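# Structure for this input, please:
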Amino acid sequence: MTQPYNGMRKGISLVEMTIAVILFALLSTVAMLYYKNLFNIDLTSKKARIAALMDQGYQLSGAYDVFQAQMGYSPSLTDLSEFNATNVLILRRLPNDIREMTSVGWELNTTTPVGRPAFLFPIDLNGTTYNSLGDDDLYCAIYNHEINKTVELNTSNHAVDYGDMVTNYARYGDSFCFSESNGTTGYKHWIAVVK
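The predicted structure is shown next:
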């Protein structure tokens, strides 16, 4: 007859050790992913600003369509004041400028090179007309990447010239970021939402 084992065992089993290693690896992976997301907060905040900007562009595009249906003609004022005029009141208020990206804000351009009106948002973060390689370029790169995920987003080495309005309209469709050269000192970038 065998007696039950009543003593304390010494050491750990292979199964217990394997479970501990797996749990340690899982926790390390989660911690590394969290650290990587926490580490690049600057890029995440830029993406959030671009998402807000895209939302504003779509709202303005919708307001343009409602204005045409309600009034029977297209809006003509570049400062967008027709959208919240008391006789129209399509928008309660105009979109807030994203001060980290621009000094001016949205405008309506009725004569564009693509032959259709467009809402334009100048990316002039520093308040300068033309900017060398910097945050303005990165915002343009992020916007085009968000519109078309096949466009590579390289945050450390992005080009300064994103192409003109006609080229990008053919490439991306109704919403894109394009560049305008002043000929000597650099490029100014614009977000466009074409009607």
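
# Check which element follows the helix or strand where residue 31 lies along the chain.
Residue 31 is located in helix 14-39, with elements delineated by DSSP states H and E. Sequence-wise, the next helix or strand downstream of helix 14-39 (DSSP H and E) is helix 41-71.

# which helices and strands does that following helix pack with?
Contact analysis of helix 41-71 by 3 or more CB pairs under 8 Å, 6 or more residues apart in numbering; DSSP states H and E lists strand 118-123, helix 135-147, strand 187-194 as its packing neighbours. (Glycine included, C-beta is placed from N, CA and C.)

# In a markdown table: these, plus mean pLDDT and distance to residue 28.
Supplementary listing: the helices and strands packed on helix 41-71 in a markdown table, determined by pLDDT from 0 to 100; distance: least, CB to CB, whole Å:
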| stretch | mean pLDDT | distance to residue 28 |
| --- | --- | --- |
| strand 118-123 | 90 | 39 |
| helix 135-147 | 84 | 30 |
| strand 187-194 | 86 | 40 |
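
# Distance to residue 48 and mean neighbour count for these - can I get that in JSON lines?
JSON lines is the format used below for the helices and strands packed on helix 41-71 (distance: least, CB to CB, whole Å; neighbours: other CB atoms under 10 Å):
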{"stretch": "strand 118-123", "distance to residue 48": "15", "mean neighbour count": "23"}
{"stretch": "helix 135-147", "distance to residue 48": "10", "mean neighbour count": "22"}
{"stretch": "strand 187-194", "distance to residue 48": "15", "mean neighbour count": "22"}
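
# For the ones you listed, give me JSON lines that also has distance to residue 106.
Converted to JSON lines, the helices and strands packed on helix 41-71 look like this (distance: least, CB to CB, whole Å):
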{"stretch": "strand 118-123", "distance to residue 106": "5"}
{"stretch": "helix 135-147", "distance to residue 106": "14"}
{"stretch": "strand 187-194", "distance to residue 106": "9"}
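
# Just list the residues touching the residue nearest the centre of the chain, thanks.
For the chain, the residue nearest the mean C-alpha position is residue 50 (2.6 Å; CA atoms, centre = their mean). When the contact criterion is CB atoms under 8 Å, 6 or more residues apart in numbering, the partners of residue 50 are 139, 142-143, 146.

# what's the answer for residue 119, then?
Residue 119 sits next to 57, 60-61, 64, 106-109, 192-193, 195 when contact means CB under 8 Å, 6+ apart.

# In the chain, where is pLDDT below threshold?
Along the chain, the model assigns pLDDT under 70 to residues 1-9, 36-40, 125-134, 154-160, 182-186.

# again, only using 80
Judged against pLDDT under 80, the low-scoring parts of the chain cover residues 1-12, 33-42, 78-79, 85-89, 103, 124-137, 151-163, 181-187.

# Looking at the helices and strands packed on helix 41-71, which is nearest to residue 41?
The stretch from these with the least distance to residue 41 (CB to CB) is helix 135-147; that distance is 14.2 Å.
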